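**Q** next one to model:
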Amino acid sequence: MLKISNKVAIPEKEIDIFAVRAQGAGGQNVNKVSSAVHLRFDIAASSLPAFYKQRLLKRADRRINKEGVVVIKAQRHRSQEQNREEALERLRQLVRSVAAATRTRKPTRPSNRARQKRMDRKTHRGRIKQLRKKISG
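**A** Residues are numbered from 1 along each chain as shown. Okay, here's the model as predicted:
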């Protein structure tokens, strides 16, 4: 079980983890060992609560594809087990990030003093530009 919070957890059977070969430099060992990890998690088919699913699917994140599947590739470590733990932790952080309620924006207005300062700056700038013009005459 991947524990998200006190009440929410994802069963291991809902998370698909595959070992793949890591990309990049690494010498001869990189050609023999599959140390990188691909994690796939289908949001719609999961046992997460409905509001978690809705928020995850609405989220604009490159790790979530059009089909609603989270794809995470972990290849930072040389050990497959460490990469597996990192991928699971990144999934946990992604799901936790949608759990926090977003605060609604409270509209504010500029103060009278701020408005006056803005108008004074505009007037001053206009006078400077007026002085640059050729004098007709």
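
**Q** list the buried residues of stretch 41-50.
**A** With burial defined by 16 or more other CB atoms under 10 Å, the residues of stretch 41-50 counted as buried are Phe41, Ile43, Ser46, Leu48. C-beta: built from backbone N, CA, C; applies to glycine.

**Q** next one: stretch 76-96
**A** Within stretch 76-96, the residues scored as buried using 16+ other CB under 10 Å are His77, Gln80, Asn83, Arg84, Glu86, Ala87, Leu88, Arg90, Leu91, Arg92, Leu94, Val95.

**Q** got any ranges where the protein has weak pLDDT?
**A** Filtered on pLDDT under 70, the chain yields the residue ranges 6, 25-32, 137.

**Q** tell me which residue lies nearest the centroid of it.
**A** Central residue of the chain (CA atoms, centre = their mean): Asp61, 5.5 Å from the mean position.

**Q** which residues touch the host helix or strand of Arg115?
**A** Using DSSP states H and E, Arg115 sits in helix 112-132. With CB atoms under 8 Å, 6 or more residues apart in numbering as the test, helix 112-132 has contacts from Pro110.

**Q** tell me the secondary structure of Leu56, please.
**A** helix (DSSP: H, G, I helix; E, B strand; the rest coil).

**Q** which ones among the buried residues of stretch 41-50 map onto helices?
**A** Using DSSP state H, no member of the buried residues of stretch 41-50 falls in helices.

**Q** make a markdown table from these and add distance to Val69 to it.
**A** Listed next are the buried residues of stretch 41-50 as a markdown table, based on distance: CB to CB, whole Å:
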| residue | distance to Val69 |
| --- | --- |
| Phe41 | 7 |
| Ile43 | 7 |
| Ser46 | 10 |
| Leu48 | 13 |
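
**Q** of these, closest to Lys13?
**A** Closest approach to Lys13 among the buried residues of stretch 41-50 (CB to CB): Ser46, at 10.4 Å.

**Q** show me what contacts the closest one?
**A** Ile10, Glu14, Lys53.

**Q** most neighbours among the residues you listed, please name it.
**A** Ile10 (20 neighbours; other CB atoms under 10 Å).
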